[in-house]
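Trainee: Have a look; sequence and predicted model below, questions after that.
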Amino acid sequence: MISMKILIIADIHGYSKKISKFFDKLIIDDVDLIICPGDFTDMFNTPPGFTQEDVAEMIIQKLLSFNKPLFCVPGNLDPYEILVIFDEYGVNLHNKVRIFKNLSFVGWGGAETPFRTNIEPTEEETKEALSNLEKQIKNDFVLVLHNPPKNTKLDKIESGQHVGSLEARKFIERKQPLLVISAHIHERQGVDYIGKTMIFYPGPFFEGNYGIVKIEEGKIKWEILNAKKQ
């Protein structure tokens, strides 16, 4: 049976002294895998003299310094070039299926928004990508998204509108992954379910939030921690 402890760090939105302190407080001793579901950087807030690519590389290097396997998908605010950086460091999960400890991990990043951000796959592109990835899945799997599935607790913005991906939801309804890890809607941390599938978002790391998920014999336990309080 699968036994695994996953550390989830989402919505970092750049590198700073504050973020560096949060990284230093992470509890990672017995973690098997680190997953980052996007927005490593912020196209609206890049330090003078640095590019988004510079920031992304610094963050990935910091994450790899923990000497744990790392899987990443991009957020909508990340530059397209981040996929090249992911590939260079061997951490890319976007539009891929990767296997770790006999569990498949399926990744799809970016999110449609009204703001013309960098990585915004259409619903048709999401449908096509997930359909192609589906053919590669041979066993139980975890789906890693930046944009949460539509009509859940995790995709509801302050106005009450649900802004997640309908095609991602359809895929989850059909395939029932063991777990979905998402990001993007900062104020909606927590869990929800589509059928038997748990969807989990620990909240944004730029506020100190991160998550721990333990998978043991098909059962999932989750915890949201905050580096500010440690």
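Mentor: That came through, no problem.
Trainee: Please name the residues that touch the residue of the chain most remote from its centre.
Mentor: Note on the chain: the largest C-alpha distance from the chain mean falls to Gly49, namely 27.5 Å (Cα atoms, centre = their mean). Taking Cβ atoms under 8 Å, 6 or more residues apart in numbering, we find Gly49 in contact with no residue. (Each C-beta comes from the backbone N, C-alpha and C, glycine too.)
Trainee: if I've got this straight, it is in a strand?
Mentor: No: using DSSP: H, G, I helix; E, B strand; the rest coil, the secondary structure at Gly49 is coil, not a strand.
Trainee: Leaving out chain neighbours, which residue sits closest to the residue nearest the centre of the chain?
Mentor: Nearest residue to the geometric centre of the chain (Cα atoms, centre = their mean): Pro37, 1.5 Å. The spatial neighbour of Pro37 that comes closest, neighbours along the chain excluded (Cβ to Cβ, 6 or more residues apart in numbering), is Ala183 at 4.2 Å.
Trainee: quick one on the thing from earlier: could you check how far the residue farthest from the centre of the chain is from Val55?
Mentor: 11 Å (Cβ to Cβ, to the nearest Å).
Trainee: And Lys228, by the same measure?
Mentor: For Lys228 relative to Val55 (Cβ to Cβ), the value is 21 Å.
Trainee: between these two, which one's more packed in?
Mentor: Taking other Cβ atoms under 10 Å, Lys228 and Val55 do not tie; Val55 has more neighbours (25 against 12).
Trainee: can you list contacts of whichever strand or helix holds the more buried one?
Mentor: Using DSSP states H and E, Val55 sits in helix 52-64. For helix 52-64, contacts defined as Cβ under 8 Å, 6+ apart pick out 9, 12, 14-15, 19-20, 23, 34, 36, 40-43, 46-47, 70, 72, 78-79, 81-82, 85-86, 89, 91.
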